[in-house]
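**Q** I'd like to go over a predicted model; first the sequence, then the structure.
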Amino acid sequence: MTAATGIGSLPGNDIDRAIALVFDLLPELPHLPELPARGAGSDMIGRTAASLLDLHVDLQPAGWRLVPRPGLEERNAAAVLERDVDALLPFADYDGTVKVQLAGPWTLAASLELPRGGKVLADRGATRDVIDALAETAQTHLAEVGRRLPGASLLLQLDEPSLPAVLAGVIPTESGFGRLPARDSPDLVAGLATTIAAVDAPVVVHCCAEQPPIRLLHQAGARAVSVDLTATSGRLDPDELGECVEAGLGLWLGVVPAVGPGVPPTVRDVLAPVRRLWSALGFPVDRLPEEVTLTPACGLAGASSGWTHTALRLVSQAARALSEAPETIPS
């Protein structure tokens, strides 16, 4: 059966309402939402950085920076995350699968600042410290969520929007005039694998770039990759993707726009590119419902409340249609 879920972020600042929404509209695979509208520390980077075990951060004009001791922003962000996790308690009897999200190691390294300036990515020692801290943090975060949802199975999503830029060597230096050297694929695989291997839960890696490095993510141990199908259409290598799927890699496909397009698409509209991709891969159509999970194209933080409801309802309806009759989806 095809599942539907959200990428992570939602609009607004009411975590209780946001959690109730995802459990209502995405009952097969709800997630712990992120609400960046609440300010610093509720965004993807700040939320994860403030949770890093044995590392500390504060917020500077250039972004989140590593510092020797915790500051006010770190303490506030950690308190907000604890409150968010506690908001799961009304659903303590849920016995399905719940997804939680953290920024991935390479996106963190490309976003966090060193104590004296410049990206953590520029310092191999500091990068290793962040990677190791994230591995421990992921374990702890899953354990905290598990305490509130003792009957649920947990799934971890690592958000890696900056990974292709790290691979291509286009992350800007502190001055903005240069670029940090590209990291080799084996280094990137090893960094991701450290976090993935540290947790006792399946891991999906979300990368919303136009050409996500599918094989690299699979080599790192990801159970599935989450991509924006509206952005990658025609850019994914069907041979590479097909080999990875045949080897057990799941596909999470973003099929519903993250911002309201004016006239909402129909279920047939959002499923048509799914069928085209599956046809290009050459797999039997009856495998499609078991191999694919459907999501919005990206996070919904920039969407209106109305479109958020519509998008989540639409992705859920599309997943149900895909499960019931995959052969009737237009190609």
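**A** That came through fine.
**Q** the nearest residue to residue 178 once chain neighbours are set aside: how many residues sit nearby?
**A** Take residue 178 and drop its neighbours on the chain: the residue closest to it by C-beta to C-beta, 6 or more residues apart in numbering is residue 172, 7.1 Å away. Quick note: C-beta positions are derived from backbone N, CA and C, even for glycine. When neighbours are defined as other C-beta atoms under 10 Å, residue 172 has 13 of them.
**Q** tell me the contacts of residue 172?
**A** With contacts defined as C-beta atoms under 8 Å, 6 or more residues apart in numbering, residue 172 is in contact with 178-180.
**Q** the helices in the stretch 51-200 of the chain, which residues?
**A** In the stretch 51-200 of the chain, helices defined by DSSP state H, counting those that start in this stretch lie at 72-86, 105-111, 124-148, 163-168, 185-198, listed in chain order.
**Q** neighbour-wise, which of the contacts of residue 172 leads?
**A** When neighbours are counted by other C-beta under 10 Å, residue 180 leads the contacts of residue 172 with 19 neighbours.
**Q** per-residue pLDDT of the nearest residue to residue 94 once chain neighbours are set aside, please?
**A** Sequence neighbours aside, residue 152 is the residue nearest to residue 94 in space, at 5.3 Å (criterion: C-beta to C-beta, 6+ apart). Reading off the confidence values, residue 152 has pLDDT 97.
**Q** same deal with residue 325?
**A** So, for residue 325, pLDDT stands at 69.
**Q** one more: residue 47?
**A** Residue 47 is given a pLDDT of 95.
**Q** again, but for the one 5 residues further on
**A** The predicted structure scores residue 52 at 96 on the pLDDT scale.
**Q** ok, back up a step: make sure the residue nearest to residue 94 is actually in contact with residue 96.
**A** Yes - applying C-beta atoms under 8 Å as the test, residue 152 and residue 96 come out as touching, 6.4 Å apart.
**Q** the more surrounded of these two?
**A** The residue with more neighbours, out of residue 152 and residue 96 and counting by other C-beta under 10 Å, is residue 152; that gives 19 against 15.
**Q** I figured residue 12 hits residue 33, correct?
**A** No - using C-beta under 8 Å as the test, residue 12 is too far from residue 33 to be in contact (9.1 Å).
**Q** which of the two has more neighbours?
**A** residue 33 (24 against 15).
**Q** look up how far residue 100 lies from the more buried one.
**A** In this view, residue 33 and residue 100 are 10 Å apart by C-beta to C-beta, to the nearest Å.
**Q** just how off-centre is the one helix or strand in the chain whose mean pLDDT sits lowest within its chain?
**A** Scoring the helices and strands of the chain by mean pLDDT, DSSP states H and E places helix 229-232 at the bottom, with a mean of 83. Here the centre of mass of C-alpha atoms in helix 229-232, compared against the chain's by C-alpha atoms, centre = their mean, to the nearest Å, lies 15 Å away.
**Q** same check, this time on stretch 169-186
**A** The offset between the C-alpha centroid of stretch 169-186 and the centroid of the whole chain comes to 23 Å, using C-alpha atoms, centre = their mean.
**Q** rounded mean pLDDT for that stretch, please.
**A** Computed over stretch 169-186, the mean pLDDT rounds to 90.
**Q** can you list the weak-confidence ranges in the stretch 151-300 of the chain?
**A** Low-confidence segments of the stretch 151-300 of the chain (pLDDT under 70): 233-234.
**Q** ok, 80 please
**A** The model of the stretch 151-300 of the chain has pLDDT under 80 over residues 175-176, 232-234, 262.
**Q** quick one: the strands in it?
**A** Ranges of strands within the stretch 151-300 of the chain are 153-159, 203-206, 224-228, 250-256, 292-296, based on DSSP state E, counting those that start in this stretch.
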